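Peer 1: Have a look at this fold, sequence not included:
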């Protein structure tokens, strides 16, 4: 049973009070002789000395019951000695004794109090007798002192003891209650210091980390518990220290890998009652795994809904674009037709003596053709509304496309190389769309090699594991490929004049072309890029001037989970 | 002397009709009559019985397909070949295009030059080129 009183302080003060009061009585008593006064001074000096010694004993010894009661007992003997030597046996100096009783009752041990009373009473009674106070006229009044001391001391002691006992009991009960709450609760609770050392942990926490009981757990530091997980320890200590610094509560969520559980942690400061400084941090961790899982499911569902909705909107947009494009095409082509017919008429009816005349008419026809080509391509651009994504065998598809492009390639003297890594490569795509992309790339390759000596077109097809983050590749939901996914890569490589670095980023822009105006519209690569987006794939390019260009077309090996197969 | 080929042009674009008339007439083989609306065209076809009808697909009062269907209904006009001249054709075979919907192979995309137009008309009518 520990008492909350700072024992050393009280002992020192009480003894000091004894000294002061005693000194007063001794010094100012009229009937004393010089001799007894001298003894009086000696007594006071000795007592003061003992008090000084007491002052230098470290606090913790005062909680050793033997020392404490030994001290009190020696005081109970010293006092009668002092009374005797200063010749004040008959006086009321014995009342000083009750200060000492006060000391004793601090210990709340009624047993010791009784011993103390009896010893003092015996010594004092003996002193009274020795000095002859117990015989003679005033004998009765002196005799009464003994029971007086005993009774008052017992009464006083009993009063204080029971009050202390009461307080103790209530404290004990309150503590018992809190103990029960802390141990019975559903949450993990602990108290740590600035270094992450556990000062307290409830049963649930102790068991959670696989320890048998609180005793084997206390004193361990957090780094021992989170064995080896440095980042977790760092994070934890950071939060603990922030509570120390800000003197305020902090909350965070954490995941325990070993148990596969999520926790909501609340860190509150425990403050020193007098200074209000933070002396420890109390951590309460609540299991929120359920909630997190439900949240995750909800988020996933929302994402799926969002993606589906976006696809539907996209479809709608494309359909609207398709209609708009048709409208535009129609509105522009009608006037173009009139220009054609008009030019025909003028050609037939204007005098052709001027040589520039027919040349000009030719130029006008070419211009109209160009305009019409653009319209054609835009219509094609916007018409990709309905296509089905299915699982396609890749090699036959590539062979087909090469066969389609063969006439033009052979005419240009281009030799074709095929490098298919695997006979059974499959991709998720639409035949027409893929044909469009690859044909365009093959034609571009042929054009790039037009004026070159070496004309080799290489087509490679292989599987690849995604290892790094890039365009549409990564961990985000909008990415087509996640790190660790498998993708199918088709490379179309030529040995042509290459693409200069400055223009490399522009080649996928609509209408960007390096061909003369009547040869290309600049929509091919832009269309290819758009098709790849639709197929959840990517198209990339690498090129070295005067050495060659390679296009990398990355495709999904299987159609994506999102059910709407129509894109 | 074989008579001229009677061509009926149904197109809401008046200037197109103007030039078709001018250019075909200048060839010397054709007589051209024009209508700028579907309804007008059907009436004219019934009355004039042309040898071939040039038909636009997108017209405000009646789309070309409906005009063609109406012409097929009337005995007088059911056998007259129809050549669709339209800005919507793209020469590719996406399954959804209007060409397939019409079920008729005679389609010329705009813009088209007179020479090609005349060739196509003669082809359809199995007449030899001049």
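Peer 2: Structure received. Nothing here was measured: the structure is a model prediction, and the numbers come from that model. Residues are numbered from 1 along each chain as shown, chains lettered A, B, ... in the order given.
Peer 1: use CA for all of it now, contacts and neighbours both
Peer 2: Noted.
Peer 1: residues contacting the spatially most central residue of chain B?
Peer 2: Ranked by distance to the mean C-alpha position of chain B (CA atoms, centre = their mean), the top residue is residue B:54 at 0.9 Å. Applying CA atoms under 8 Å, 6 or more residues apart in numbering or on different chains to residue B:54 gives the contacts B:7-10, B:82-85.
Peer 1: Nearest to residue B:121 among those?
Peer 2: Using CA to CA, residue B:83 is the member of the contacts of residue B:54 that lies nearest residue B:121, at 7.8 Å.
Peer 1: May I have the beta-bridge partners of that closest one?
Peer 2: residue B:54 (DSSP bridges).
Peer 1: Wait, it touches residue B:52, no?
Peer 2: Yes. With contact defined as CA atoms under 8 Å, residue B:83 counts as touching residue B:52 (7.4 Å).
Peer 1: Now the common contact residues for the two.
Peer 2: With CA under 8 Å, 6+ apart as the test, residue B:83 and residue B:52 both reach residue B:121.
Peer 1: Of all residues in the stretch 301-450 of chain A, which one is closest to chain B?
Peer 2: residue A:337 (4.2 Å; CA to the nearest CA).
Peer 1: Surely that residue touches residue B:110?
Peer 2: Yes. Residue A:337 is within contact range of residue B:110, at 5.8 Å (criterion: CA under 8 Å).
Peer 1: who touches residue B:20 in this structure?
Peer 2: A:341, B:32, B:114.
Peer 1: hang on, the first one packs against residue B:113?
Peer 2: Yes. Contact between residue A:341 and residue B:113 holds when scored by CA under 8 Å: they sit 6.2 Å apart.
Peer 1: What are the buried residues along the lengthiest helix in chain B?
Peer 2: Identified as the longest helix of chain B according to DSSP state H is helix B:14-27. When neighbours are counted by 16 or more other CA atoms under 10 Å in any protein chain shown, the buried residues of helix B:14-27 are found to be B:15-24.
Peer 1: Using JSON lines, lay out those residues together with pLDDT and distance to residue A:182.
Peer 2: Shown next, in JSON lines, are the buried residues of helix B:14-27 (pLDDT from 0 to 100; distance: CA to CA, whole Å):
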{"residue": "B:15", "pLDDT": "90", "distance to residue A:182": "94"}
{"residue": "B:16", "pLDDT": "90", "distance to residue A:182": "94"}
{"residue": "B:17", "pLDDT": "92", "distance to residue A:182": "96"}
{"residue": "B:18", "pLDDT": "91", "distance to residue A:182": "99"}
{"residue": "B:19", "pLDDT": "91", "distance to residue A:182": "98"}
{"residue": "B:20", "pLDDT": "92", "distance to residue A:182": "98"}
{"residue": "B:21", "pLDDT": "93", "distance to residue A:182": "102"}
{"residue": "B:22", "pLDDT": "91", "distance to residue A:182": "103"}
{"residue": "B:23", "pLDDT": "92", "distance to residue A:182": "102"}
{"residue": "B:24", "pLDDT": "92", "distance to residue A:182": "103"}
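Peer 1: And for the residue in the stretch 101-250 of chain A that chain B sits nearest to, the neighbour number?
Peer 2: Of all residues in the stretch 101-250 of chain A, residue A:231 sits closest to chain B, at 58.1 Å by CA to the nearest CA. If you count neighbours by other CA atoms under 10 Å in any protein chain shown, residue A:231 ends up with 10.
Peer 1: Let me see the mean pLDDT of stretch A:354-362.
Peer 2: The average of the pLDDT scores along stretch A:354-362 is 81.
Peer 1: That one near chain B at all?
Peer 2: No. Applying CA under 8 Å from any CA of the partner chain, one finds stretch A:354-362 separated from chain B by no less than 12.4 Å.
Peer 1: So what's the gap between that stretch and the chain middle?
Peer 2: 78 Å (CA atoms, centre = their mean, to the nearest Å).
Peer 1: Out of the contacts of residue B:20, which is nearest to residue A:501?
Peer 2: residue A:341 (45.0 Å).
Peer 1: Excluding residues flanking it in the chain, which one is nearest the closest one?
Peer 2: residue B:19 (5.8 Å; CA to CA, 6 or more residues apart in numbering or on different chains).
Peer 1: residue contacts, the one you found?
Peer 2: Contacts of residue B:19 by CA under 8 Å, 6+ apart are A:338, A:341-342, A:345.
Peer 1: got a winner among those for most neighbours?
Peer 2: Ranked by the number of neighbours (other CA under 10 Å), the contacts of residue B:19 place residue A:341 first, at 25 neighbours.
Peer 1: Worst mean pLDDT across the helices and strands of chain B, which element?
Peer 2: helix B:98-102 (a mean of 45; mean pLDDT, DSSP states H and E).
Peer 1: after it, next one along is what?
Peer 2: Once the chain leaves helix B:98-102, the next helix or strand it forms, by DSSP states H and E, is strand B:107-109.
Peer 1: Can you point out the buried residues in that next one?
Peer 2: Those would be B:107-108, for strand B:107-109 by 16+ other CA under 10 Å.
Peer 1: That one pairs with which strands?
Peer 2: Next to strand B:107-109 in the sheet, as set by DSSP bridges, lie strand B:82-86 (parallel).
Peer 1: how distant is the strand it pairs with from the center of its chain?
Peer 2: For strand B:82-86, the distance to the chain centre is 5 Å (CA atoms, centre = their mean).
Peer 1: hmm, who's touching that strand?
Peer 2: Here strand B:82-86 has contacts from B:52-58, B:68, B:106-110, B:121, using CA under 8 Å, 6+ apart.
Peer 1: quick one on the thing from earlier: list residues touching both of residue A:337 and residue B:110?
Peer 2: Joint contacts of residue A:337 and residue B:110 (CA under 8 Å, 6+ apart) do not exist.
Peer 1: The residue of chain B found nearest chain A in helix, strand or coil?
Peer 2: Nearest to chain A in chain B, going by CA to the nearest CA, is residue B:111, at a distance of 4.2 Å. Each residue gets one of three states, and residue B:111 gets coil by DSSP: H, G, I helix; E, B strand; the rest coil.
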